[in-house]
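> Predicted coordinates and the sequence they were generated for:
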Amino acid sequence: MAKTTQPAKPEELSKIDYTPPATDWLETPVEFKPGTYCHGSRIKYLEEVGFPNPREWAPSDEDWKLPANWKDIILEGMKERLGKYRSFQLFMDICVRCGACADKCHFYIGSGDPKNMPVLRAELMRSVYRKYFTTGGKLFGKQAGARELTEAVLKEWWYYFYQCTECRRCSVFCPYGIDQAEITMMGRELLNLVGGQTDWIGGPVANCYKKGNHLGLEPHAITSNIDYLLDDIEEISGIRPEPSFNRKGAEILFVAPSGDLFGDPGTYTAMGYLMLFHEIGLDYTWSTYASEGGNFGFFTSMEMAKRLNYKIYAEAKRLGVKWIIGGECGHMWRVLNQYMDTWNGPADFMVEPVSPITGTKFENAKGTKMVHITEFTADLIKNGKLKLDPSRNDHLNVTFHDSCNTARGMGIFEEPRYIIKNVCNNFHEMPEDTIREKTFCCGSGSGLNAGENMELRMRGGFPKASAVKSVQKKYGVNMLANICAIDRAVLPPLMQYWVPGVSVCGTHELLANALVMTGEKKRTQDLRLEDLPGIEEEGEGEEEENV
Amino acid sequence: MGIFFSFSMIIALVVIAFAGVQLANMQFIFGVVIPYAAIATFLIGVGFRVYKWGRSPVPFRIPTTCGQQKSLPWIKHSRFENPDSTFDVVVRMALEVFLFRTLFRNLKAETREGRVAYGSDKWLWLAGLALHVTFFVVLLRHLRFFMEPVPFFVNLTDSLDGFMQVGTPHLLITGVVLLLAAVYLFFRRISIPQVRYISLPADYFPLFLIMSIAISGILMRYFTKVDLVRIKALTMGLVTIGPVETDGIGAIFFVHIFLISILLAYFPFSKLMHMGGVFLSPTRNMANNSRIKRHINPWNYPVKVHTYEEYEEEFRDKMKSVGLPLEKE
């Protein structure tokens, strides 16, 4: 698999030069710097889903082995998309280059490369748009900011559209709401038409299509992974939940990001789901077929995203569930909120979600029939249905990272905070310009969480890390909570690099730590099987008394 | 890039108008033919652009949410930052169009000693708002040249605008602020290295054009006096499509009206179309209610999928080995 290349020391990397180059950007050729880009997709991944132009290639190759008519394919593709997406057409036309977005992008702040300013990343494509689709560009060429589409330009697109995590922070600050994510998505769709896929995205897409999840966990692997988690839960609490899989007639289908079933700290979050659902006696089932909430297809093309997303409703229908709960994941929820029903709805074979425990109607999900787990859990807590002992999280000093997609593509801010504040005694917010709608990306979203582009990831995560560092200094924060599986995978190395001493967890890990389960044994360990500090001392004291 | 190019263009335009009137006596061309052509270009051009945008569908509901979603009833919903109804969207758009809400949010990020610090940066908001508001008021004031009798609100605008009662004729503050705002935006553009780096001739040209229009207007009003009665006769002739007399009007007037004609004709082909575009921006003008109500994509088409049946076919033995329920044994 991908080899991890280590970036320079943090002291070196944080010396960022923001001076633009002496040469005009149209005259500055792209330079592929090792550590800042991903490998090209291998043949089999593209073949498995039918993406064009599978071949052996590396982005650093001089010859990308593009189809002979690649230019026509791209220009035809642009034309088609300009006619299909008002966002694309409009965002090509109305930018005034005021520069308000420039220092809002985490990749620009972390790299100083002017082509990482959202406005300039968009101009990479606008310049081509002007040349082929506007009168001014056709007549005045360079004076109108227009340029020919050449292989060098295509490579530049590739380099910079895979240095954008589609986080939408620029869109919050753009006076016209121009969203670089939309342009990046179009750019990646076009690149995919000629085989410009990365291996780290191609693999999960192929896996998810064939096996149901990004990690390629086959059905028996899913059940056995969960079995391991059940072992741990039993060790901690003395209780062994009995989840079901692919069960027809369950009231609720639960879909989580598959990352939560694989590596820690995601697995602790999955343990949290299992413990919570067991405690409230929820009639629910997992699915091995629809075993992925996330959607790496979303980072390739709308069509691929729809093909992967199809499984959730299809499985809900097959199993005959009433509604769906979705786990903690960022881009998964942007897709579920803004795309799923449009692609694969209507979900009229299910009913409007009602919590079987509290009777609360989730009116905001009455169309899609899919409820975010933090909405579900916050409602349980609000109605006093959970017995909680927040002191079990007293060894943690927690801050909360809003994931880009749930922040700017949904607006779920209070639900996770409400849960955390009820299950932790020590909670501190990061500076206000780095949270909620102004949150910074982890630097590895939208399929950039590979190993070979580690320098890029550390640079992109720099603003967020800087915000964490400030609360570490001020309040002694040692735990970074979130509601995103990619965060749980990529923030640990980011913290290790920039802010050593801060761990990463999902919100439901904290919840399950504090959750007093019916019939549980006295807890001496947290979900990580680490001794709870206060309890340990108490235990030792008791032992001494007994002696 | 392009400062010199854009500036030369403006100088050339001024010279063309001045020479055309002074040397070639082309008052009728500059005072009548070109303005009509410019207005036609503006109307048709803008209409066509908006039609083109409108023709392109909005397949997905993609608002950029800038506040708490509407969810459980006890969680405070940030209505205008994350609207879920048409009314809330209208308010969000009104805040955007009239008060430049988004620019008001602007921040400045600075990296010092390995840390990123943020500060409020409202100058762009202030200058942008000043430019647009004063431009609007100046336009409103100019209605006195196109209406007879002059409506009360135009006179009212005039007297409010001249409230300082400095000089004769009274100094109208909006014209000056318009010029200053444009000058500020120009200096901002060249003094911030990043903004300068991204700037195209198409960014300098409209600024220079607005400055030159404001300067020629101010010159006419306060310095090289022109015959207002004759000008009004001409402009009334233009709006009524009646006979037009161009004699006895100073050349500066023709420079002014020529530059305005250029602005109108240039408008539909330029970034100035942001005026119309802001209303159509899908990240701003849509409600975040796609979990409540299905949004229809007019070109939604069936796609190739991997069905459960195929999945079970491929993994039946493995599923059986761990006791998963099967459709077909």
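Nice, thanks for sending it over. Numbers count the residues shown, from 1 in each chain, chains lettered A, B, ... in the order given.

> can you list the domains in chain A?
As given by automatic domain parsing, the domain ranges for chain A are A:10-30+A:52-196, A:205-514.

> In contact with the residue nearest to residue B:209 when sequence neighbours are not counted, which residues are there?
Spatial nearest neighbour of residue B:209, chain neighbours left out: residue B:263 (5.4 Å); criterion: CB to CB, 6 or more residues apart in numbering or on different chains. All C-beta spots, glycine's among them, are computed from the backbone N, C-alpha and C. Counting by CB atoms under 8 Å, 6 or more residues apart in numbering or on different chains, residue B:263 touches B:206, B:209-210, B:213.

> re earlier: out of the domains of chain A, which is the most enclosed?
Compared across the domains of chain A, domain A:205-514 shows the largest average neighbour count, a mean of 22 (mean count of other CB atoms under 10 Å in any protein chain shown).

> now that domain, how far from the centre of its chain.
In terms of CA atoms, centre = their mean, to the nearest Å, the centre of domain A:205-514 is set 10 Å apart from its chain centre.

> thought residue B:14 was touching residue B:259?
Yes: using CB atoms under 8 Å, residue B:14 is in contact with residue B:259, at 7.3 Å.

> Do me a favour and get the end-to-end distance for stretch B:230-247?
Start to finish, the residues bounding stretch B:230-247 are 8 Å apart (CA to CA, to the nearest Å).

> Return the distance of that stretch from the chain's centre.
Chain-centre distance of stretch B:230-247: 30 Å, with CA atoms, centre = their mean.

> Kindly report the same for stretch B:59-72.
Going by CA atoms, centre = their mean, where stretch B:59-72 is centred and where its chain is centred differ by 25 Å.

> what's the span of it from first residue to last?
Stretch B:59-72 has its terminal residues 28 Å apart, counting by CA to CA.

> on that earlier part again, out of the contacts of residue B:263, who has the most neighbours?
Ranked by the number of neighbours (other CB atoms under 10 Å in any protein chain shown), these place residue B:213 first, at 25 neighbours.

> name the element that one belongs to?
Taking DSSP states H and E as the definition, residue B:213 sits inside helix B:201-218.

> packing partners for that helix?
With contacts taken as 3 or more CB pairs under 8 Å, 6 or more residues apart in numbering or on different chains; DSSP states H and E, helix B:201-218 sits against helix B:3-22, helix B:123-141, helix B:173-191, helix B:251-266.

> any chance you could map the helices in the stretch 351-500 of chain A?
Applying DSSP state H, counting those that start in this stretch to the stretch 351-500 of chain A gives helices spanning A:373-382, A:404-408, A:414-423, A:454-460, A:462-475, A:485-498.

> Format the ones you listed as a markdown table; extra columns: mean pLDDT and distance to chain B.
Listed next are these as a markdown table, based on pLDDT from 0 to 100; distance: least, CB to the nearest CB, whole Å:
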| stretch | mean pLDDT | distance to chain B |
| --- | --- | --- |
| helix A:373-382 | 98 | 5 |
| helix A:404-408 | 98 | 5 |
| helix A:414-423 | 98 | 5 |
| helix A:454-460 | 97 | 11 |
| helix A:462-475 | 97 | 4 |
| helix A:485-498 | 97 | 9 |
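
> So the closest residue to residue B:50 other than its chain neighbours versus residue A:295, what's the distance?
Leaving aside its sequence neighbours, residue B:50 sits nearest to residue B:276 (CB to CB, 6+ apart; 5.3 Å). Distance of residue B:276 to residue A:295, computed by CB to CB, to the nearest Å: 34 Å.

> residues in contact with residue A:284?
A:243-244, A:250-254, A:277, A:325.
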